[in-house]
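J.: Just need the structure, nothing else, for what follows:
(one chain, ligands or ions: 2)
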Amino acid sequence: MKVLSKLIEYSFAHGVHPRENKEATVSLPIQRMPFVNEYVMPLNQQLGAQCKPVVEPGERVVRGQLIAEPGAFISTNLHSPATGWVRAIDNRRYPGGVFARSIVIEADPYDSQQQPNAARDWRHLTPEQFVAEIQLAGIVGMGGAAFPAHAKYSIPEGQRIDHILVNGAECEPFLTNDHRMMVERPDALLLGIDILLHNLGAKSATIGVETNKPDAIDILRGHIRPDQPIKVAPLRVKYPQGAEKMLIKSIFDKEVPAGGLPRDLGMVVNNVGSVLAIADWFQYGMPLIERVVTVSGDGVRQPSNLLVPIGTPLREVLKFCDGLKDDVFQVVMGGPMMGTSVASLDVPVLKGTSGILAFRQPQSQRTREYACIRCGRCLEACPYFLNPSRLAKMARSRLYEEMQQYSVMDCVECGSCTYSCPSNIPIVQLIRTAKSQIRQSAGKVA
Ligand code: SF4
Ligand code: SF4
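T.: Ligands and ions are numbered 1, 2, ... in the order given. Predicted structure coming up:
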């Protein structure tokens, strides 16, 4: 597949330009966070079916050991982030104010918490064995969605993958974890791409990086060997450049059909963190038990990029960053555009947690809602060419069937419409609730 030879940066129509706010952490190297006493591993932290525990309370576990297996094909494995003991399997706090069944691990304070380190063969796998390896490693999309990665690599008969697209856009304000990983681990990222190229039979790969990360673009280009069919595509800084359909539109000027997947165009899209997790699994035998998290926002005393064991309570991460300022109003998991406010700091870091942001003011200053003035700004902002204003009105009237005729399920919940609305109408929140209702009535996971 040929990358368009444009002289300008790659981009897409519509979208918004929120303030980047990345300066507090963009130059901060990734720091490993020390181990804490307790880790909480929710069984439903990936999209799809809940995992099934394979350990019992009281059992000794070692770092990287399997503690829960997939509940279905669209589900994945969970591994212990620390050596210690299973203290409980019960309901613990989860983002969104709900509780989720979780395996609680008490870390052994006298253990050295060594990394697993046995390399695994990636050159002689069948396609089925490769899919099974990725599921075994517990790897998910680490940009926030937490979709089990192996499901993307299970290619139906009659389809083939020609191109690997690596998503290094990181278009959410404040977040710099993908940026730091590209700067600090370029060889591991390129190894992960080699593994994908080899096992999916793809011919070439592109890493899409927004131009506000010039050092990452230069470093990656400097590390690509002449024999590697890998390119770096500079992307215009625009939100939501990192939504996978936008990335494909920007770089290849192709549209994923409504209701379709990138593989319908012969591509798979992977987040930088997921590709690094693939490299770590095959190079060191390390399953997905830790991830890089950006801790930032004006309510945090010591903004940081941290390598954090999955399951670490937010309270402990923030304590390591010298705590919160006294007048914090809101803590968000993920980025400010698509993240979720948390009701308790007992919530743990999940596989999909890219950021922990603390703010002293509500992110929207215009808290009062006004009537729609039909200005059309939400239509201009929507990268999927939907009519957000109309969808929001329909959602209020619970016209869910009609909403489907207006392609509501194509909405990626990017929040560009809400961001651009001068009347402060919570458009994406209304759409999100409607989509959840539609999925529930169709018997799918909400
Ligand atoms: S309607 Fe959906 S896809 Fe369109 S701007 Fe709003 S949240 Fe984004
Ligand atoms: S941006 Fe807000 S006020 Fe303007 S048309 Fe959309 S919903 Fe109405």
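J.: does the residue nearest to the spatial centre of the chain count as helix, strand or coil?
T.: Most central in the chain under CA atoms, centre = their mean is G143, positioned 1.6 Å from the mean C-alpha point. Classification of G143 using DSSP: H, G, I helix; E, B strand; the rest coil returns coil.
J.: how near is it to V62?
T.: Distance of G143 to V62, given as CB to CB, to the nearest Å: 29 Å. (Each C-beta comes from the backbone N, C-alpha and C, glycine too.)
J.: go on, Q241?
T.: Taking CB to CB, one finds Q241 at 40 Å from V62.
J.: Looking at those two now, which is surrounded by more residues?
T.: Q241 (26 against 15; other CB atoms under 10 Å).
J.: Was I right to think the more buried one contacts A13?
T.: No. Between Q241 and A13 there is no contact under CB atoms under 8 Å: 11.9 Å.
J.: per the record, what domains does the chain have?
T.: With domains defined by automatic domain parsing, the chain comprises 127-284, 377-441.
J.: What's the end-to-end length of the shortest one?
T.: Yep, that's domain 377-441 we're talking about. 31 Å (CA to CA, to the nearest Å).
J.: A68: what secondary structure?
T.: At A68 the chain is in strand, as set by three-state DSSP.
J.: In the sheet, which residues pair with it? Tell me.
T.: Applying DSSP bridges to A68 yields these beta-bridge partners: P53, L78.
J.: partner strands of the least confident helix or strand in the chain by mean pLDDT, parallel or antiparallel?
T.: Confidence across the helices and strands of the chain bottoms out at strand 340-341, with a mean of 88, counting by mean pLDDT, DSSP states H and E. Taking DSSP bridges as the criterion, strand 340-341 pairs within the sheet with strand 330-333 (antiparallel).
J.: Go ahead and confirm R101 touches Q45.
T.: No. Contact criterion CB under 8 Å: R101 and Q45 do not qualify, at 10.9 Å.
J.: Between those two, which is the more surrounded one?
T.: Looking at R101 and Q45 with other CB under 10 Å, you find the greater number of neighbours at Q45, namely 25 against 16.
J.: Next, work out how far apart the closest residue to that one other than its chain neighbours and ligand 1 are.
T.: Closest residue to Q45 apart from its sequence neighbours, by CB to CB, 6 or more residues apart in numbering: L350 at 4.4 Å. Using CB to the nearest ligand atom, to the nearest Å, we find L350 at a distance of 22 Å from ligand 1.
J.: For L350, pull up the helix or strand it's in.
T.: Under the criterion DSSP states H and E, no helix or strand holds L350.
J.: With distance to D327 as new columns, can the domains of the chain be given to me in CSV?
T.: What follows is the domains of the chain, written out as CSV (distance: least, CB to CB, whole Å):
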stretch, distance to D327
domain 127-284, 19
domain 377-441, 23
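J.: Highest mean neighbour count out of those?
T.: domain 127-284 (a mean of 20; mean count of other CB atoms under 10 Å).
J.: can you give me the end-to-end distance of that domain?
T.: Start-to-end span of domain 127-284 (CA to CA) is 21 Å.
J.: now swap in stretch 282-302 and tell me
T.: 34 Å.
J.: Quick one: mean pLDDT over it.
T.: Averaging pLDDT along stretch 282-302 gives 97.
J.: So for that stretch, what gets flagged as buried?
T.: Across stretch 282-302, burial judged by 16 or more other CB atoms under 10 Å covers 282-284, 286-300.
J.: repeat for stretch 35-43
T.: F35, V36, E38, Y39, V40, M41, P42, L43.
J.: I'd like these as JSON lines, with secondary structure and pLDDT appended.
T.: Compiled in JSON lines, the buried residues of stretch 35-43 are given as follows (DSSP: H, G, I helix; E, B strand; the rest coil; pLDDT from 0 to 100):
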{"residue": "F35", "secondary structure": "coil", "pLDDT": "95"}
{"residue": "V36", "secondary structure": "coil", "pLDDT": "96"}
{"residue": "E38", "secondary structure": "strand", "pLDDT": "97"}
{"residue": "Y39", "secondary structure": "strand", "pLDDT": "98"}
{"residue": "V40", "secondary structure": "strand", "pLDDT": "97"}
{"residue": "M41", "secondary structure": "strand", "pLDDT": "97"}
{"residue": "P42", "secondary structure": "strand", "pLDDT": "97"}
{"residue": "L43", "secondary structure": "coil", "pLDDT": "96"}
